[in-house]
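**Q** would you be able to build a 3D model of this:
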Amino acid sequence: MKEQISSALLAQGLRWVRKNPEKNLIKLADWAEHFVRHEYHRSHVAAYRKAVTSPGSNWHNFIMRIVREVDPKFLERFVRNFVIYSSWIGNGKIRKLRTELDMNVPWAILMDPTSACNLNCIGCWAAEYDKSSSLSYELMDRIITEGKDLGIYMYIYSGGEPLVKKDDIMKLAARHDDTMFAAFTNAVLIDEPFADEIAKHCNFIPIISIEGSEEHTDDRRGKGTYQACLRAMDILRSRKLPFGFSVCYHSKNTEDVGSDAWVDFMVEKGALFGWYFTYIPEGKHADVRLMANPDQREFMYRRIRELRSTKPVFLLDFWNDGEAVEGCIAGGKSYCHINARGEMEPCAFIHYAATSIHDKSLLEALDNPLFREYHRRQPFTCNLLQPCPLLDNPDILNEMVKDSGAWSTQEADREPVEELTGKCVQAAQAWAPVAERLWRESHRE
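**A** Here you go, the predicted model:
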């Protein structure tokens, strides 16, 4: 009953905001301040207030985009599921559990409904998995159900191509309508009927993988993929459904995807957020020449910060935002990865595991030797611009995998950890002095 009353009040409040966004968004901050109790929630409200009271700023324009461009029913569900349940109520419960149990409990879970894919992208981190593995609907339902008991209300699908199992994904969205879902997708399988399903449930957000220009996208993902991404964006925008983009920046496309023109184009297409990753040489046949060099990584570090202050879109950099999240977020600290075989990996890019979700509760599976190594060592360095145990601190990943007794989850080649980290040693050494200079620069008093 309390949930129904809260939902009704929320719907009424958002309708009230839409009548006069410029005026009532400020009043919404006043309302929120009466309910927050924790300091980290107060900081969120303070940031929101600063944005809505600064007309013409990029963050004010971003909020206005959300109010005007997102379907009202979807916006209501998003605020309830993501802001209230996941970020406020769930996050508070998770923080308490982490302290009580002295272990990592994630805010979000990334899981692979299937390892199958309809594309064969060069350098894909999922390409080394066995293509016949999948998580059953019943297992994913159990993971989500147990996760919500822990306070986890955010679930992201990867793969393979997760939309190969779009029926299961939509069935889970309907069953867990208090939960927020997203999926990294190549967008080829997004069509009008699927968009209509998303609009019916209003708790699923596609994150479309695209590599910048048509040339760069089709070069890595196959001819026609770029146009499929744009078609999907048009379909989603026509229904006022929110979506984001995911970019892997590498030696060939960094300057392209970090440009004003590229981000402006994504905003024009309707993207509300973008997530930047860098190329990681997964698998024995990985091309290390695609790894971004230190100058390109620094370029992206500076550009993301510039773009965040000038563009009405929320941008994240998985590696270079270590300052904002206190280093590495993997191993259950903020998120973990359950692959299509049910193995508990610390990160989508770290294909090693010390246990699986099968025959264990989610909490038992999270409390495994490899995740405990992460919990014990995080952050891996005082310089949070070197957050990753693979790309920035390869010796540490070697030690954690060996000390935990973890095994390679790559069915295709079972890559020993020494071989994986060996490909990153030179990059880590080259980045270290740049990271040190940037760290001193950003912490000058």
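**Q** what's the closest non-adjacent residue to Arg65?
**A** With sequence-adjacent residues excluded and distances taken as Cβ to Cβ, 6 or more residues apart in numbering, Arg65 is closest to Pro312, at 5.3 Å. C-beta coordinates here come from the backbone N, C-alpha and C atoms, glycine included.
**Q** what separates the one you found from Ile210, distance-wise?
**A** 19 Å (Cβ to Cβ, to the nearest Å).
**Q** counting neighbours, go ahead and name the busier of these two.
**A** The residue with more neighbours, out of Pro312 and Ile210, is Ile210; 28 against 17, by other Cβ atoms under 10 Å.
**Q** in this structure Ile280 contacts Pro394, no?
**A** No: judged on Cβ atoms under 8 Å, Ile280 makes no contact with Pro394 at a distance of 11.5 Å.
**Q** which residues does Met291 contact?
**A** Going by Cβ atoms under 8 Å, 6 or more residues apart in numbering, Met291 touches His250, Ser251, Thr278, Tyr279, Ile280, Pro281, Ala427.
**Q** also Phe380?
**A** Phe380 makes contact with Gly327, Cys328, Gln386, Pro387, Cys388, Pro389, Asp392, Asn393, Ile396 under the criterion Cβ under 8 Å, 6+ apart.
**Q** that one belongs to a helix, doesn't it?
**A** No: with DSSP: H, G, I helix; E, B strand; the rest coil as the criterion, Phe380 is coil rather than part of a helix.
**Q** gap between the closest residue to it other than its chain neighbours and His337?
**A** For Phe380, ignoring the flanking residues on the chain, the nearest one in space by Cβ to Cβ, 6+ apart is Asn393 at 4.7 Å. Taking Cβ to Cβ as the measure, Asn393 falls 19 Å from His337.
**Q** Ile329 now?
**A** 11 Å.
**Q** one more: Ala51?
**A** According to Cβ to Cβ, Ala51 and His337 sit 32 Å apart.
**Q** the more surrounded of those two?
**A** Using other Cβ under 10 Å as the criterion, Ala51 and His337 rank with His337 on top: 25 against 18.
**Q** rewinding a little: which ones are touching the residue nearest to Arg65?
**A** Pro312 makes contacts with Asn58, Trp59, Asn61, Phe62, Met64, Arg65, Val267, as judged by Cβ under 8 Å, 6+ apart.
**Q** which members of those residues are positioned in helices?
**A** Asn58, Trp59, Asn61, Phe62, Met64, Arg65, Val267 (DSSP state H).
**Q** what ranges do the helices span in the stretch 51-200 of the chain?
**A** Using DSSP state H, counting those that start in this stretch, the helices of the stretch 51-200 of the chain run over 58-69, 72-78, 91-101, 137-150, 166-175, 192-201.
**Q** only the buried residues of the second one, if you could.
**A** This means helix 72-78. Using 16 or more other Cβ atoms under 10 Å as the test for burial, helix 72-78 gives Phe74, Leu75, Glu76, Arg77, Phe78.
**Q** rebuild those residues as TSV, extending it with distance to Glu214 and pLDDT.
**A** Below are these laid out as TSV (distance: Cβ to Cβ, whole Å; pLDDT from 0 to 100):
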residue	distance to Glu214	pLDDT
Phe74	29	95
Leu75	32	91
Glu76	36	87
Arg77	34	92
Phe78	31	93
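**Q** of the residues you listed, closest to Arg175?
**A** Arg77 (14.4 Å; Cβ to Cβ).
**Q** and that closest one, what does it touch?
**A** Contact analysis of Arg77 by Cβ under 8 Å, 6+ apart lists Asp177, Cys202, Asn203.
**Q** check what pLDDT the first one gets.
**A** This means Asp177. Asp177 carries a pLDDT value of 96.
**Q** what's the burial count for it?
**A** 12.
**Q** tell me who's in contact with it.
**A** Asp177 neighbours (Cβ under 8 Å, 6+ apart): Arg77, Asn81, His201, Asn203.
**Q** same question for Asn253.
**A** Contacts for Asn253 (Cβ under 8 Å, 6+ apart) come out as Glu211, Gly212, Ser213, His216.
**Q** 10 Å - rerun?
**A** Applying Cβ atoms under 10 Å, 6 or more residues apart in numbering to Asn253 gives the contacts 211-213, 215-217, 219-220, 247, 262, 279, 290, 292, 296.
**Q** count the residues that sit near Arg376.
**A** For Arg376, the tally of surrounding residues (other Cβ under 10 Å) stands at 13.
**Q** pretty sure it contacts Met400?
**A** Yes: between Arg376 and Met400 a contact is recorded at 8.9 Å, counting by Cβ atoms under 10 Å.
**Q** got any residues that touch both of those two?
**A** Shared contacts of Arg376 and Met400 (Cβ under 10 Å, 6+ apart): Gly331.
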